[in-house]
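**Student:** sequence? don't have it. structure:
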Ligand SMILES: [Zn+2]
């Protein structure tokens, strides 16, 4: 175990093209429930009389948007979305110029909140709900604080969720973009996902290298496809293998400095 951790650390230290594929377990450590909230299946059925998967489906949203939004406000937005040390460690790798892209299926923009750039939210974002009439965007705080069904503050019509619902497809353009990104990666770093979890299963086959690293909370069937594997608490493993230093200071980028001078 320790030997593998050392080897992974060495690979990350040497590479400048690490593509991060991030699964749901990176979100679970924050205490957020997610959209489907599989772990609350019983409670959801008890409260609403429908299963989680029914409620977050596009057909159900079209029919019963009142129940849909009650569920989103109480189950999906169960707390504030605060990035963990995992997201911060990935951000630090980006500051070192090592991570050109982050691909995630969580919807809370946790990587962006840690300061990350070039994040592809494959399932959309709960921070970008949209008015179908005027196109104005509304964040999750707006949804949470709305009385009843959230409506656009200008048009007074219901807002469309910014994340994809069950039964909706991920945008094709986005999918082929990710295929290219994964194909050109030197290191494929999967965080908080099993190999057979949806996003990883779809994209890992495009990776051509021999540095497929998987870090997850527990071992799952099919994981042996990864070249290196580590299991346990993500908030302990990820800072270690990335050499995360919470006190490190990085020079600001030229354009950010320019913007500050203009102010
Ligand atoms: Zn509007």
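**Tutor:** Sure thing, it's come through. Note that the coordinates shown come from a computational prediction; the quantities given were computed from them, not determined experimentally.
**Student:** just checking, residue 108 is part of a helix?
**Tutor:** No: Residue 108 sits outside any helix when classified using DSSP: H, G, I helix; E, B strand; the rest coil, being coil.
**Student:** now do the contacts for the closest residue to it other than its chain neighbours.
**Tutor:** Using Cβ to Cβ, 6 or more residues apart in numbering and skipping residues adjacent in sequence, the residue nearest residue 108 is residue 81, 3.9 Å away. For every residue, glycine as well, the C-beta is placed using N, CA and C. By Cβ atoms under 8 Å, 6 or more residues apart in numbering, the contact set of residue 81 is 30, 32, 108-110, 113, 140.
**Student:** again, but for residue 75
**Tutor:** Neighbours of residue 75 in contact, by Cβ under 8 Å, 6+ apart: 33, 37, 40, 44, 52.
**Student:** for whichever strand or helix holds the fourth one, which helices and strands make contact with it?
**Tutor:** Assigned by DSSP states H and E, residue 44 belongs to helix 41-48. Contact analysis of helix 41-48 by 3 or more Cβ pairs under 8 Å, 6 or more residues apart in numbering; DSSP states H and E lists helix 52-55, helix 65-71 as its packing neighbours.
**Student:** what separates residue 114 from residue 95, distance-wise?
**Tutor:** To residue 95, residue 114 is 11 Å away according to Cβ to Cβ, to the nearest Å.
**Student:** between those two, point out the one with more neighbours.
**Tutor:** residue 114 (20 against 17; other Cβ atoms under 10 Å).
**Student:** gap between the more buried one and residue 94?
**Tutor:** For residue 114, the distance to residue 94 equals 10 Å [Cβ to Cβ].
**Student:** next: residue 226.
**Tutor:** For residue 226, the distance to residue 94 - Cβ to Cβ - is 22 Å.
**Student:** go on, residue 202?
**Tutor:** For residue 202, the distance to residue 94 - Cβ to Cβ - is 24 Å.
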